[in-house]
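1. the sequence isn't on hand, but the structure is:
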């Protein structure tokens, strides 16, 4: 994979991987900051190749770049730094695939995206709605990013798939913000919506069943299988202009299997983002 | 969760968790006696909340109680103690959700239930029929409880789902006792029967595929996914008047993921038992 | 299970287990040579019985034999030794179920089979096509056996199920050799073909999702569930005259769960091979 | 082990186990709150007995009690609740062995002890000095308790054994507070000091080498072996009037071996506290 | 390693490995029956060689044989079968190194040895005295073999090293039978006794600290390091005429490290038994 | 830690970390190529600080640099690339601490060192002599580097500590090359030699006991404890002009504990290399 940097940016039209090693806003367990390194390790190790399932080889693809990991300051400044870095990449005409980090990183990433694209459509794949007004005293907790986002820009159309921990408060929030929630108990495997315009995918690995992705901070039984998630990604109407993949926790992934799942999903997301 | 005790019993209509830490009748591996503590740990740890998927919050629910673990004597007296404890709870007008222990505990629990309810209907979710006449010289082995139960009360209507280890002897026993067996190889995901009257659910965690529930003493490949089991529990016609959840073996659950699955199932069972 | 040896061969019509502890041709990780011992351990441990799901008890079956493990010389001679051993068993009128070893062992086994049966039909269950012309400088790598096989005997009809790592080179090879490829992303659970004449099944455990079979050298997310694979094996039109089960890597199977899955598949394969 | 409660307190002279499930002040990983339950599990499981190495059987000892776990409110009130609970036990004439929790719990426990005993002597067994003035913005972090303690009561004589992470700031703090530091690199296995008057032992499990106690939040290579620690405890001049055992993290202890080590240490500490 | 069988016995003077896969008398966990296979696996895997530390190569040594595993009947007959097999090997002039199995197998092995050698000297390396008169109702439990042995032949001189779980009952038994007990808390690393005449070594792997040998059914913290045990074996006065190595439990040894330790000890024991 | 690069080299006198992710010459298991990333992760994670045990803070030390990982071509060119990279760093007046990789990387590193320093003194800390003339057909196997080195430059004085797998061939090689071998069975903890002139330390992590460092490709029971190794490093007469730390295998280190040990050793080595 080619390297991108401020000195040698990726060309317009490229898709750029960007690691965001932040886990300060996790409510229960640290560890997600280690994820970007482990995902790269799984992408490049000799156990698999770098093709998408449709046969596109990403290994030397002229439009696939890795910008490395952001170097972040104290938590207070981290959000501004993340937003600025993503904004810079968007201004260069590239699409960004962010590797978190806990789910709180989606907020600054999406701030940059909506500045650039306007009120785009967001598909959140997640076991949890992440719509808390506040959690354990932290309004920027990984349990809150989509509440903040929709307060700041109510025109964003948010759809959620895989949800299976909805409590009364979050149900209230979902109604208040007009979120289109597809709960796991009712999910039938179909593409859940007809996107209009550019789509951003926010993929929390805990949308998967813990059998498939044990290495997350909040495993929630009863989720999607990896194949169901791959099919969903492969069938989504595009164009996909941005994405994040968050909440891999290497401290809960002793055999590295969840990192391998993350790497597989990165490949499929890259393939879809390269279309059109 | 509120605490119930002999001094301060739960009110009529409540559902009461009761730990039964017995694993003396396991034929292969001890360890299931540690399960009740680990399931409570998973219920209360900061990784998830206490809502059912339908949105009912059990955290402060006025009809959900925990009676703690039974303190059991030597194996010979244990069955009588279990039956007496469950009978006492039933006489107080509460429903009981037993946390085993190995599957042999279902026999004394169901003895109390049939004394109270008459020949009720039992749904056994299990990889194994547990219908051996005797196993390794022990007629009260965890491989035998339903043979004993149906000998003692042939009018109980027993349906089994998830079975995938039927051998000639047990096939003979199933025919002899009129058990309605839904083998896994033929299962189509539909609710397998129309219950008439009160239903008791006996849930052996090994009904799940080992991918979903590795932490059991007898993992048997080819079982239900957690989502399939949740859907089955959510679609069962009620009322569910009692249940047990057995065979979690923490010694085979190094990452605690099977305990999390058990906790999820406890929440859904509690939700269903609170209905009507 | 009865023991077969050169001195006391199994009777005609028997199905014979043969361990082939070779992992020299693995491209990434050694360890598959330990698999035959672990699969036998899982077959015989007290955690399950020896029945197929259809109820056939293999424990004392008069036509089920175990010939133990081949004692192999240096890698250069190993292929000839494997082919000779399988040829000898076929000449005695028995069917062989080989326990690998890495997938390279399928080549000498199939050389013996096509000498005996002519250009038979082969069903390869695998995440990877294994059609490389050469891999890391080794034309007999476990990434190459079916390229070699089809060069040597183009009339063999090869069907592949579960494939999800097809790259341009292998797609070219598949077209060149006329391989019938059923990619995982398009699989609908149906029996993928109508066999004509005798069938050989080459089962690489990585056809399963890593959630079900983590203990392989090349886990590839998005595979079959164990139940889907069992259903496929149970519904295949017969007769099945030979099979191999390869790529279990005990060094990646700390809890032995993948060995249990392998043992389950061995039982079902034995049951199918005993038919007709 | 006998149960003690507010209603039925232990008799004077007894040693009382008290669980303090607090891990809010851990700087890196939560999980220590699960420790008391796991230590009890290891004490009572069938794998060992309840004797000290000197042969004292604690199973039915008339002076050994378990007061269960404290039920703690929000972090702000937790310290006051811990101090009050320990003070109550001390006022009843019992000695307390606290099972943490993270090391921050030592501060409220020692506040109760010095109110009762005056400026007693404290032996801290630890890889880390825990003398930070503040850590990550938290003056009550588990990296700070002994700084707070010695500010509040400079007359306490603190000796530390096992230290191997001393940095310039903490070296300065140690000098300022007159702490007697026995660094691991200089330790020769001898009892490190001559106590005068009553002794309190604060045992952070990370004083042990990670080979012996991997299940802690901050494993630091190069520590004591379990035997070296047992010898030290067995050779300490008494009387030991109180103790805490902290920082077991069950989330890092998949096989439960560190919990077994903790249980062994609890038995030896109980034996020493029962003397005189 | 050469194979020995009833048809082709080892020559006089040889040392013969004999697997005894019995774990029916374990009081807590099954699994030790899997040990002989795993120890052979560790001996032969490519990770190490077959030399003793003194440089003796056992790989093709003309006096080192493997007689495989005993095929045992029901537990009642197992002891007689073990005794007979060992007696047969002794009558052929060979020395036997038994691979257990649980520690109960030492009784029938030592019955054969004392029939052949008279009241020899026995060195038991163990965390537990195994001197219970009865345990959990089983007088042949793995907690009892040395009580039975010394009742049957009081002239056997038994020395124990590594003991750290002595309770009042077993202390009484040790005194009654005149056992020379070297408790771990007093051990100084010296060879603990001057043997007179032929020596038999009974090595329970739990004599080692769980840091070195976690894969046993009853890990007891505070044991020997592997190096200390190797030094003891290397410094024992000979001749060593027999030995057993017991209680490896592969179900508690997920990474196979304890099997590697067992294999190392087997090599050193073989080396010592080949002397004189 | 500061970054060094070809553009911005470290100043003279600095110590530079250099990752060499090569594991092609491992004879049994790949994986050591992942080690440099994991060691950096352990150095920088929040679980410990960056001080040596003597109190030197390396976090912002003006003479400690990280040059990142070498980007290596095919195995044939890798050795030349490694040698060139080290030579370049030496020519800049810096000392190099190489993070392997398998032990074969020591050969090109030491080629650069002896070109620069002449026949320096080498201390090899290792369970294995690595003196094979050839191993599995590879004269550059990780079992051979010191045979090659001493053939190329017989004046190098090589001392080995921790050896415990010496076989007749390697004993012959050691004698032929005049290697000073300190076998583990005779080791008494003392600094094993009086270096004359500059010293290079080649540290294979398997010199440690597997209890302390399980995560290596060839765990060999009976090694040094981490404390014994730290003491040895701390007491070595200097100056230490170069070092490598090799054979960490993250695929065998599921909990990351061996990476933590490696990081601790890196800190102490850096501290010693900064002296004089």
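-> Good, I have the coordinates. No experiment lies behind these values; they were computed from the predicted model shown. Residues are numbered from 1 along each chain as shown, chains lettered A, B, ... in the order given.

2. quick check: which ranges of the stretch 101-250 of chain A have low pLDDT?
-> Residues of the stretch 101-250 of chain A meeting the criterion pLDDT under 70: A:191-193, A:195.

3. for the most centrally placed residue in chain A, give me phi and psi.
-> Geometric centre of chain A, nearest residue: residue A:244, 2.3 Å, by Cα atoms, centre = their mean. Backbone dihedrals for residue A:244, given as degrees, to the nearest 10, come out at phi -130, psi 150.

4. ok, now which ones touch it?
-> Applying Cβ atoms under 8 Å, 6 or more residues apart in numbering or on different chains, we find residue A:244 in contact with A:97-100, A:105-106, A:109, A:201-203. Just so you know, the C-beta spots here come from the backbone N, C-alpha and C atoms, and that holds for glycine as well.

5. just checking, residue A:140 is part of a helix?
-> No - assessed by DSSP: H, G, I helix; E, B strand; the rest coil, residue A:140 does not belong to a helix; its assignment is coil.

6. for whichever residue of the stretch 101-250 of chain A sits closest to chain E, give its distance to chain D.
-> Of all residues in the stretch 101-250 of chain A, residue A:214 sits closest to chain E, with a separation of 15.2 Å (Cβ to the nearest Cβ). Going from residue A:214 to chain D by Cβ to the nearest Cβ, to the nearest Å gives 12 Å.

7. go on, residue A:108?
-> For residue A:108, the distance to chain D equals 22 Å [Cβ to the nearest Cβ].

8. distance from the strand or helix carrying that residue to the middle of the chain?
-> Of the helices and strands defined by DSSP states H and E, residue A:108 is found in helix A:106-117. Helix A:106-117 has its C-alpha centroid displaced from the chain centroid by 13 Å (Cα atoms, centre = their mean, to the nearest Å).

9. buried stuff in that helix?
-> Counting neighbours by 16 or more other Cβ atoms under 10 Å in any protein chain shown, one finds that the buried residues in helix A:106-117 are A:106-114, A:116-117.

10. quick check: residues of the stretch 101-250 of chain A near chain C?
-> A:209, A:211-212, A:225-227, A:230-231, A:234 (Cβ under 8 Å from any Cβ of the partner chain).

11. and chain B, which of those residues contact it?
-> Near chain B, judged by Cβ under 8 Å from any Cβ, the entries from these are A:209, A:211-212, A:225.

12. and the helices in the stretch 51-200 of chain A, which stretches?
-> Here the stretch 51-200 of chain A has its helices, by DSSP state H, counting those that start in this stretch, at A:75-91, A:106-117, A:145-152, A:168-177.

13. by contact count, what packs against the last one?
-> Using 3 or more Cβ pairs under 8 Å, 6 or more residues apart in numbering or on different chains; DSSP states H and E as the contact test, the elements touching helix A:168-177 are helix A:145-152.

14. packing partners for the helix it packs on?
-> Against helix A:145-152 (3+ Cβ pairs under 8 Å, 6+ apart) you get helix A:106-117, strand A:157-163, helix A:168-177.

15. switch these over to a markdown table; also include distance to residue D:43.
-> Converted to a markdown table, these look like this (distance: least, Cβ to Cβ, whole Å):
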| stretch | distance to residue D:43 |
| --- | --- |
| helix A:106-117 | 45 |
| strand A:157-163 | 41 |
| helix A:168-177 | 40 |
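
16. among these, which comes closest to residue F:78?
-> Counting by Cβ to Cβ, residue F:78 lies closest to helix A:106-117 out of those; the figure is 38.5 Å.

17. sorry, back to before: now render the helices of the stretch 51-200 of chain A as CSV, adding distance to residue B:135.
-> Putting the helices of the stretch 51-200 of chain A into CSV (distance: least, Cβ to Cβ, whole Å) gives the following:
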stretch, distance to residue B:135
helix A:75-91, 58
helix A:106-117, 53
helix A:145-152, 53
helix A:168-177, 47
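
18. if the residue nearest to the centre of chain A is in a bridge, with which residues?
-> Judged by DSSP bridges, the bridge partners of residue A:244 are residue A:98, residue A:202.

19. name the nearest residue to the residue of the stretch 1-150 of chain A found nearest chain B, sequence neighbours excluded.
-> Among the residues of the stretch 1-150 of chain A, residue A:28 lies closest to chain B, at 4.6 Å counting by Cβ to the nearest Cβ. Nearest residue to residue A:28, sequence neighbours excluded (Cβ to Cβ, 6 or more residues apart in numbering or on different chains): residue B:46, at 4.6 Å.

20. list the contacts of the one you found.
-> A:27-28, D:30.

21. tell me the buried residues within these.
-> Neighbour counting over those (16+ other Cβ under 10 Å) leaves A:27-28, D:30 as the buried ones.

22. for stretch A:151-162, which outside residues touch it?
-> A:110-111, A:114, A:119-127, A:129, A:146, A:149-150, A:174, A:177-182, A:184, A:187, A:192-193, A:196, A:207, A:223-224, A:232.

23. same question for stretch A:182-193.
-> Under the criterion Cβ under 8 Å, 6+ apart, residues A:123, A:127, A:159-164, A:166, A:180, A:222-224, A:228, A:231-232, A:235-237, B:53-54, B:227, B:230-231, B:234 lie in contact with stretch A:182-193.

24. same thing but 7 Å
-> A:159-164, A:166, A:180, A:222-223, A:228, A:232, A:235-236, B:53, B:234 (Cβ atoms under 7 Å, 6 or more residues apart in numbering or on different chains).

25. does any bit of stretch A:248-266 sit next to chain D?
-> No - Stretch A:248-266 is not in contact with chain D by Cβ under 7 Å from any Cβ of the partner chain; minimum separation 7.5 Å.

26. can you tell me, leaving aside adjacent residues, what's nearest to the residue in chain A that chain E sits nearest to?
-> Residue of chain A nearest chain E, by Cβ to the nearest Cβ: residue A:254 (9.8 Å). The shortest distance from residue A:254 to any residue other than its chain neighbours is 3.6 Å, reached at residue F:254 (Cβ to Cβ, 6+ apart).

27. tell me the SS of that neighbour?
-> Under three-state DSSP, residue F:254 falls in the coil class.

28. neighbours around it, how many?
-> Counted with other Cβ atoms under 10 Å in any protein chain shown, residues neighbouring residue F:254 total 19.

29. looks like it contacts residue A:255 (just checking).
-> Yes - Residue F:254 lies in contact with residue A:255 (Cβ atoms under 7 Å); the separation is 6.2 Å.

30. and chain A, which residues reach chain F?
-> Chain A comes close to chain F at residues A:34, A:37, A:41, A:254-255, as judged by Cβ under 7 Å from any Cβ.

31. now render those residues as a markdown table, adding pLDDT and distance to residue A:134.
-> A markdown table is the format used below for these (pLDDT from 0 to 100; distance: Cβ to Cβ, whole Å):
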| residue | pLDDT | distance to residue A:134 |
| --- | --- | --- |
| A:34 | 95 | 27 |
| A:37 | 96 | 31 |
| A:41 | 95 | 35 |
| A:254 | 93 | 33 |
| A:255 | 92 | 36 |
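
32. thinking again about what came up before, over to the residue nearest to residue A:28: give its phi and psi.
-> phi -70, psi 10.

33. do you know the pLDDT at it?
-> For residue B:46, the pLDDT comes out at 75.

34. quick one: the strands in chain A, in order.
-> Counting by DSSP state E, chain A has strands at residues A:2-3, A:15-19, A:64-69, A:95-99, A:121-125, A:157-163, A:180-183, A:199-204, A:240-246.

35. in a markdown table, list those strands along with distance to residue C:84.
-> Listed next are the strands of chain A as a markdown table, based on distance: least, Cβ to Cβ, whole Å:
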| stretch | distance to residue C:84 |
| --- | --- |
| strand A:2-3 | 50 |
| strand A:15-19 | 51 |
| strand A:64-69 | 48 |
| strand A:95-99 | 52 |
| strand A:121-125 | 53 |
| strand A:157-163 | 54 |
| strand A:180-183 | 58 |
| strand A:199-204 | 52 |
| strand A:240-246 | 51 |
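
36. for residue A:217, see how far away the residue of chain A closest to chain E is.
-> Distance, residue A:254 to residue A:217, by Cβ to Cβ, to the nearest Å: 15 Å.
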